[in-house]
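**Student:** Test case, fold it:
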Amino acid sequence: MFMELLDGTALTTAAPRVAAAFKVSSVTMAVPISAYLVTVAAFIPVGGWAVDRFGGRRVFALAVLLFTAASALCAVAPTLPTLDAARIAQGVGGALMVPVGRLVVLRGIKREEVIRAIAFLTWPALAAPLLGPLVGGLLATYASWRWIFLLNVPLGIIALCFIRTLPTERGPARPLDVRGWSLIATCLGSLTAAASIAATPGAQPLAAATCLLTAIGTGAFAVQRMRTAAQPLLRLDVLRIRTFRFPHAGNSVFRIAINAVAFLVPLLFVDAFNWTPAHGGEAFVALYAGNLAIKPATTPLLRRLGFRTVLIGAVLGAIAATALIAALRPTTPIALTASGQSNCQILWM
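**Tutor:** Reported below is the predicted structural model:
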């Protein structure tokens, strides 16, 4: 998780410099970032099946190895399409690495220990987004953006050295719904491609519309497949559970806003305010400092106030904090800029 978050946050901060190196607009950098995220989303459902089929240790080792090797390929990518392809390979590794690691841990604990276990899993990794913007900005300004990806190589080697500490047990064998998976992957890929094409200056509207229609069509077939297959890749019947359906739907929309701000704020600092990536990274650190600061209090807050009260307060506060970020100007004192981002992340988490 540390590797994944460090890579993502550092690349976001350095995106304008990477775009300049490839002689493209900063907006175009949404493609390698989105390509990674779409690949992760497409391959995450395969993780559970892979653990049951091959065992957690093998899958995790393969995921770390693939993520590390793909990071090295990203570092030497000569063109933007090559970087896009390497990021897709990274996404496959990331899709298996983090969820499989969590799955191995959560399978071995009691129900009442889930919140504590997730907290222990998350806290060490939160140092990555705290360091990522600063490291990415410094490397992009004073060295090269390629070092952002090279940082993953020693981390991956260290992870592989401890791979034998993971259990090897497998779950009940079940077939992989290849047809359902291919429909889901095509839908997500087409949807992201449509958004990326529409956001690229001078792009053809027909190409974006074609990708969008492909996403709608394959998405409809994917839903039908998951409803009728004997052993679908994803079980839609869990959405009948009200306490799962509403938080899942709300959290999905919420995550869109969170990830959008995390991508747009560095562009605001570097492109609109004309700050250096190092300066922008230093200011952007505040966004994740709030995350790290509030994390120890999340479990006590949930137990004292309850999920509903905490969630409603967080949503209302996040709306106000995000609106304040939109009001930032180059002349805004750095203390207020950092405070606004920090409060935004605290309320999100």
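
**Student:** residue closest to the middle of this structure?
**Tutor:** Leu37 (5.9 Å; CA atoms, centre = their mean).

**Student:** what's the nearest residue to that residue if we skip its chain neighbours?
**Tutor:** Gly91 (7.2 Å; CB to CB, 6 or more residues apart in numbering). Placement of C-beta: from N, CA and C, glycine included.

**Student:** His248 too?
**Tutor:** Leu239 (7.5 Å).

**Student:** Help me confirm that that neighbour comes into contact with Pro247.
**Tutor:** No: with contact defined as CB atoms under 8 Å, Leu239 does not reach Pro247; the gap is 11.3 Å.

**Student:** in what helix or strand does the residue nearest to Leu37 lie?
**Tutor:** Taking DSSP states H and E as the definition, one finds Gly91 inside helix 80-106.

**Student:** and after that helix, which helix or strand comes next?
**Tutor:** Downstream of helix 80-106, the next assigned helix or strand under DSSP H and E is helix 114-125.

**Student:** which residues sit against that next one?
**Tutor:** For helix 114-125, the external contacting residues (CB atoms under 8 Å, 6 or more residues apart in numbering) are 1-2, 5, 101-102, 105-106, 109, 295-296, 298-299, 302.

**Student:** Farthest-apart pair in those residues, please.
**Tutor:** The span of these, defined through CB to CB, is set by Phe2 and Leu302 at 24.4 Å.

**Student:** Tell me which of the two has more neighbours.
**Tutor:** Phe2 (18 against 14; other CB atoms under 10 Å).

**Student:** how far away is that one from Thr122?
**Tutor:** 11 Å (CB to CB, to the nearest Å).

**Student:** next one: Ser25
**Tutor:** Distance, Ser25 to Thr122, using CB to CB: 34 Å.

**Student:** go on, Ala194?
**Tutor:** 33 Å.

**Student:** Could you chop the chain up by domain?
**Tutor:** 2-167+233-348, 177-232 (automatic domain parsing).

**Student:** How far does the first one sit from its chain's centre?
**Tutor:** Put plainly, it is domain 2-167+233-348. Here the centre of domain 2-167+233-348 is set off from its chain's centre by 4 Å, with CA atoms, centre = their mean, to the nearest Å.

**Student:** for this structure, where's the lowest mean pLDDT among helices and strands?
**Tutor:** helix 334-348 (a mean of 55; mean pLDDT, DSSP states H and E).

**Student:** pLDDT below threshold where in the stretch 201-349 of the chain?
**Tutor:** 201-203, 280-282, 286-288, 291-292, 334-349 (pLDDT under 70).

**Student:** make it 50
**Tutor:** 346-349 (pLDDT under 50).

**Student:** I'd guessed Val100 sits against Val51; true?
**Tutor:** Yes: counting by CB under 8 Å, Val100 does reach Val51; the two are 5.8 Å apart.

**Student:** Counting neighbours, go ahead and name the busier of these two.
**Tutor:** Each of Val100 and Val51 has its neighbours counted (other CB under 10 Å); Val100 has more, 26 against 23.
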